[in-house]
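> The following comprises the amino acid sequence and a computationally predicted model.
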Amino acid sequence: MPELPEVEVTRLGFADRIAGALIEEAVLGKPLRWPLGCEVASLAGQRVDRVTRRGKYLLIHLTSGLLLLHLGMSGSLRFSLALPQRGPHDHFDLVTSLGTLRLHDPRRFGAVVFVNGLDDPRAVKLLGGLGVEPLEGGFDPLVFHAALRLRRAPIKQILLAGDLVVGVGNIYASEALFMARIRPTVRGDRLSKPRAVRLHGAIQSVLRRALALGGSSLRDFSGSDGQSGYFQMDAMVYGREGQPCRVCATPIRQIRQGQRSTFFCLNCQKH
């Protein structure tokens, strides 16, 4: 699933190029996760103001209202003046005066939803429960620790929940916990302040590294220019079950937490 780095890489790839574009046409393919929320023809004539991100959602701000885009499990966006003919997995085209933005989503768990504004009930339902952005000033280490003191769930599950800090995702949670030398099964309320602060820094370091490498391309992800990411080649533990730890040579272990794979080193992450 595309996580925060992949979504931000996607945004950076087309946001400046589509800003100011006049929408000429919108085309829907097969149904996605949720209804569009407006008549598709009503998007024509609007202009694209800017593109922002909230967690794993891209927000395309229009003259009136905005489009919320989610890439789901396997989605990717392309933006170009000359895209090939639509294929069976191309489910949304936003044709503009500056190029066409296309959502390609083989598994159709992605979404494009029109809302009147951020106070629209549909926007509140999708965005209202999201935690702080990990790469912005609101992600404070002491506030993070105080919130963890109220959580009895395993720390990996807390990170994935997204209501405390948003967009960390499965890959980057495993990597950040390794960098912070914290076992993924430890309860949130048992993390001391120094360990929580260390994890806070590790989350930011791992996400910034992922952004620099273009995100992770494990299955279907590519950026809006069609390029793959390379973070997975740099991973310390994720996807490396049975391989030697890059630090101590102990074989990397894999466990299941909440039906998601977790990778860690028994030696480097002792508690």
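That came through fine.
> contacts and neighbour counts: CA atoms only from here.
Will do.
> separation between residue 75 and residue 24?
Distance from residue 75 to residue 24, counting by CA to CA, to the nearest Å: 23 Å.
> try residue 251
55 Å.
> got it, and residue 201?
Taking CA to CA, one finds residue 201 at 44 Å from residue 24.
> Kindly report the same for residue 182.
Note on residue 182: its distance to residue 24, by CA to CA, is 51 Å.
> Check what pLDDT residue 246 gets.
We have a pLDDT of 94 for residue 246.
> what's the answer for residue 137, then?
Value for residue 137, per-residue pLDDT: 89.
> Next, it: phi, psi?
phi -60, psi -20 (degrees, to the nearest 10).
> Tell me the buried residues in stretch 110-126?
110-118, 122-123 (16 or more other CA atoms under 10 Å).
> Can I get those residues in a markdown table including secondary structure?
Formatted as a markdown table, the buried residues of stretch 110-126 follow (DSSP: H, G, I helix; E, B strand; the rest coil):
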| residue | secondary structure |
| --- | --- |
| 110 | coil |
| 111 | strand |
| 112 | strand |
| 113 | strand |
| 114 | strand |
| 115 | strand |
| 116 | coil |
| 117 | coil |
| 118 | coil |
| 122 | helix |
| 123 | helix |
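> how about CSV for those residues, with pLDDT added?
Shown next, in CSV, are the buried residues of stretch 110-126 (pLDDT from 0 to 100):
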residue, pLDDT
110, 91
111, 94
112, 96
113, 97
114, 98
115, 97
116, 97
117, 96
118, 96
122, 96
123, 97
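> hmm, back to that, same drill for residue 182 and residue 24, tell me which one is more crowded.
residue 182 (25 against 18; other CA atoms under 10 Å).
> And the nearest residue to residue 75 once chain neighbours are set aside, what's its pLDDT?
In this structure, residue 75 finds its nearest non-sequential neighbour in residue 105, 4.1 Å apart by CA to CA, 6 or more residues apart in numbering. Looking at residue 105, its pLDDT is 91.
> which ones are touching residue 105?
Shown in contact with residue 105 (CA atoms under 8 Å, 6 or more residues apart in numbering): 71-72, 74-76, 89-91.
> From those, which shows the smallest pLDDT?
Among the contacts of residue 105, residue 74 has the lowest pLDDT, at 83.
> got the residue ranges for the helices in the stretch 51-200 of the chain?
121-127, 141-148, 155-161, 169-179, 193-212 (DSSP state H, counting those that start in this stretch).
> List the contacts of the second one.
Translated: helix 141-148. Under CA under 8 Å, 6+ apart, the answer for helix 141-148 is 164, 188-189, 191-193, 196-197, 200-201.
> In ChimeraX, how would I select just the buried ones from those?
Buried residues within the contacts of helix 141-148, by 16+ other CA under 10 Å, are selected in ChimeraX with:
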select :164,188,189,191,193,196,197,200,201
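> which two in the contacts of helix 141-148 are spaced the farthest apart?
189 and 201 (18.2 Å; CA to CA).
> how about residue 152, what does it touch?
187-189.
> Next: residue 135.
Applying CA under 8 Å, 6+ apart, the residues near residue 135 are 204, 207.
> Name the nearest of the buried residues of stretch 110-126 relative to residue 55.
residue 123 (12.9 Å).
> didn't that closest one look like it was pressed against residue 115?
Yes. Using CA atoms under 8 Å, residue 123 makes contact with residue 115 at a distance of 6.4 Å.
> can you list the contacts of residue 152 in TSV and add pLDDT?
Converted to TSV, these look like this (pLDDT from 0 to 100):
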residue	pLDDT
187	97
188	98
189	97
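> Okay, and which of the residues you listed map to strands?
Among the contacts of residue 152, DSSP state E puts none in strands.
> Residue 172: which of those is nearest?
residue 188 (17.2 Å).
> tally of neighbours for residue 87?
Look at residue 87: counted by other CA under 10 Å, it has 9 neighbours.
> Dihedrals phi and psi, it?
phi -110, psi -180.
> State the distance from it to residue 99.
Residue 87 is 18 Å from residue 99, by CA to CA.
> and residue 256, what element?
strand 253-257 (DSSP states H and E).
> can you list contacts of the helix or strand just after that strand?
Counting by DSSP H and E, the element after strand 253-257 in chain order, helix or strand, is strand 260-264. For strand 260-264, the surrounding residues in contact (CA under 8 Å, 6+ apart) are 170, 174, 178, 183-184, 237-241, 252-256.
> I appreciate the help and will end here.
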